[in-house]
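S.K.: Sequence first, then the predicted structure, then my questions.
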Amino acid sequence: MLKRLSLNTNYVTVGISQPFDCNYISGQKEQLLVIKEAQLDANLFEQLLGMGFRRNGDSIYKPRCPNCQSCQSIRVPVAKFTLSKRQKRTLKANQDLHWVMSAQAHPQQYALYEKYIAERHCDGPMFPPSQQQFDDFLNCSWLAPHYIQVFDGDTLVAVAVTDVMPHSLSAIYSYFHPDYEKRSLGAFLILLQCQQAKIWQKDFLYLGYQIDENTKMKYKRLYRPYQILTAVGWEENIE
């Protein structure tokens, strides 16, 4: 079944997938709304982000599960973002590292991704990693992603793949060298994206979906204040 969705002066067609086993909550079935037949660009994608959609490669999707509403879109209003004591410690612990942001991909990014998936997610749907999987997942034909690359000397130790829109950034995926696990590089990469969003005077950093029922997906509420997309719109929560 296809439906048309109006976005300002644009119309997009939305389809729905068949149910399949959920990758995040055991025993649940997942179903996705998928954008079809749209002339996608940064402006249109930003509107869709505001409606709870996400990007995977060229595809734009949003969970629409028949018996579950656990996936909650979450974003950080970066002008209001305040570092916690823990986040300050994370920045201090990694001040010996240096980082750059680039729109250019490099072969060493995939080598690090391969090591990360093989050692930390060998029981997940992204294993075994491959160059084709990496390209299909992160690259996009209508919006070139940016890469925050963190180095220890000359060694690449962490990467955050980030989409840049007129008024926001969207965190697509982050990964890091398993030997640096104690440095909290996943948190460090989100903090760097918040910092870059402030520098560029963006309104929001989109973090994807908060899933409280999955212990690996609960960390996004640590970046405060945050906003959750509800049935009546985005609602801010400071906790």
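M.R.: Cool, got the structure. Residues are numbered from 1 along each chain as shown.
S.K.: how about stretch 71-84: buried residues?
M.R.: For stretch 71-84, the buried set under the neighbour-count rule, 16 or more other Cβ atoms under 10 Å, comprises 71, 72, 73, 74, 75, 76, 77, 78, 81. Every C-beta, even on glycine, is put in place using the N, C-alpha and C of the backbone.
S.K.: what bridges to residue 77?
M.R.: Beta bridges link residue 77 to residue 204, judged by DSSP bridges.
S.K.: From residue 49, how far out is it?
M.R.: 14 Å (Cβ to Cβ, to the nearest Å).
S.K.: List of residues touching stretch 111-121?
M.R.: The contact list for stretch 111-121 (Cβ atoms under 8 Å, 6 or more residues apart in numbering) reads 124, 126-129, 134, 156-159, 175-178.
S.K.: switch to 7 Å and redo it
M.R.: The contact list for stretch 111-121, computed with Cβ atoms under 7 Å, 6 or more residues apart in numbering, reads 126, 127, 129, 134, 156, 159, 175, 176, 177, 178.
S.K.: Put the buried members of the residues you listed into a ChimeraX selection.
M.R.: Buried subset of the contacts of stretch 111-121, written as a ChimeraX selection, criterion 16+ other Cβ under 10 Å:
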select :126,129,134,156,159,175,176,177
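S.K.: after the one helix or strand in the chain whose mean pLDDT sits lowest, next one along is what?
M.R.: Taking mean pLDDT, DSSP states H and E as the measure, the chain has strand 2-7 as its least confident helix or strand, at a mean of 56. As assigned by DSSP states H and E, the chain's next helix or strand after strand 2-7 is strand 10-16.
S.K.: quick one on the thing from earlier: need the buried residues of stretch 71-84 in a markdown table with pLDDT and distance to residue 231, can you?
M.R.: A markdown table is the format used below for the buried residues of stretch 71-84 (pLDDT from 0 to 100; distance: Cβ to Cβ, whole Å):
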| residue | pLDDT | distance to residue 231 |
| --- | --- | --- |
| 71 | 96 | 14 |
| 72 | 96 | 11 |
| 73 | 98 | 12 |
| 74 | 98 | 15 |
| 75 | 98 | 16 |
| 76 | 98 | 21 |
| 77 | 98 | 20 |
| 78 | 98 | 25 |
| 81 | 97 | 25 |
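S.K.: tell me the phi and psi of the nearest residue to residue 125 once chain neighbours are set aside?
M.R.: Closest residue to residue 125 apart from its sequence neighbours, by Cβ to Cβ, 6 or more residues apart in numbering: residue 23 at 5.2 Å. Main-chain torsions, residue 23, degrees, to the nearest 10: phi -80, psi -10.
S.K.: Surely residue 23 is in contact with residue 126?
M.R.: No: Residue 23 lies out of contact with residue 126 (Cβ atoms under 7 Å); the separation is 9.3 Å.
S.K.: So for stretch 48-67, mean pLDDT?
M.R.: For stretch 48-67, mean pLDDT rounds to 95.
S.K.: Quote the end-to-end distance of it.
M.R.: End-to-end span of stretch 48-67 (Cα to Cα, to the nearest Å): 23 Å.
S.K.: what sits up against that stretch?
M.R.: Here stretch 48-67 makes contact (Cβ under 7 Å, 6+ apart) with 16, 19, 28-35, 40, 45, 71, 73, 136-137, 139-142, 163, 168, 170, 172, 206, 208, 229.
S.K.: Flag every buried residue along it.
M.R.: If you call a residue buried by 16+ other Cβ under 10 Å, then stretch 48-67 has these buried ones: 48-50, 52-55, 59-65.
S.K.: Just say helix, strand or coil for residue 114.
M.R.: helix (DSSP: H, G, I helix; E, B strand; the rest coil).
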